[in-house]
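1. structure, please.
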Amino acid sequence: MKVSEAMTRDVRVANPDEAIQFVAKIMAGLDIGALPVGENDRLVGMITDRDIAIRGIAEGKGPDAKVSEVMTSDVQYCYDDQEIDEVTENMADIQVRRLPVINRDKRLVGILSLADIALTGDGQAGEALSGISRPGGEHSQTI
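-> Predicted structure coming up:
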C-alpha cells in the first residue's frame, strides 16, 4: 500500500513567524501534537507540543516566541508514492510517530501518523511503535 492511500490529506501548516501560543491553541483545537511548518510553499520544519514545552517554556520563552525559535528544522519526511512498510520501518528507525508527506515536487501533500498506519489494518503500526518506543533515541530523557 502506498503512503498516499493512508495519509491524512487535510493538514494545517504553521508559519515560522507565528507565536507558539497561537500554534498551541490550534493544536489543542484540532487535538493534535504536531504541525508541519511551511514558508513560501515549502516545508521548513515541524513543531510539536514537546518542542513548545521543552524548547519554549522550559527555556524561558514566553507565549509570543516564534515557531522558528522552537521548531525542529531537520525535518524527516516521506514521499506520497512510497510503500507504507518501507516508511513504517523508517519511522521505527528514527523513532518518530508521524512524518510529513511530500510529493516528488517537494510540496507538502499530507501527514502520515501511526494512527493512519493502524487504520490500514496490516499490523505495521505495532512494529513501528515497538521501534519508536525503544529507549535511547535522540529525544530520550534517560541519561
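
2. strands of the chain, start to end?
-> Ranges of strands within the chain are 34-39, 42-48, 78-79, 98-102, 108-113, based on DSSP state E.

3. distance between the ends of stretch 106-117?
-> 22 Å (C-alpha to C-alpha, to the nearest Å).

4. now do it, average pLDDT.
-> The pLDDT scores in stretch 106-117 average 90.

5. tell me where the protein is predicted with low confidence.
-> Scanning the chain for pLDDT under 70 picks out 121-143.

6. please enumerate the helices of it.
-> 20-30, 49-51, 67-70, 84-94, 114-119, 124-132 (DSSP state H).

7. okay if I get the ones you listed as JSON lines plus distance to Lys61 and mean neighbour count?
-> All C-beta spots, glycine's among them, are computed from the backbone N, C-alpha and C. Supplementary listing: those in JSON lines, determined by distance: least, C-beta to C-beta, whole Å; neighbours: other C-beta atoms under 10 Å:
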{"stretch": "helix 20-30", "distance to Lys61": "7", "mean neighbour count": "16"}
{"stretch": "helix 49-51", "distance to Lys61": "11", "mean neighbour count": "18"}
{"stretch": "helix 67-70", "distance to Lys61": "6", "mean neighbour count": "19"}
{"stretch": "helix 84-94", "distance to Lys61": "26", "mean neighbour count": "18"}
{"stretch": "helix 114-119", "distance to Lys61": "29", "mean neighbour count": "18"}
{"stretch": "helix 124-132", "distance to Lys61": "27", "mean neighbour count": "17"}
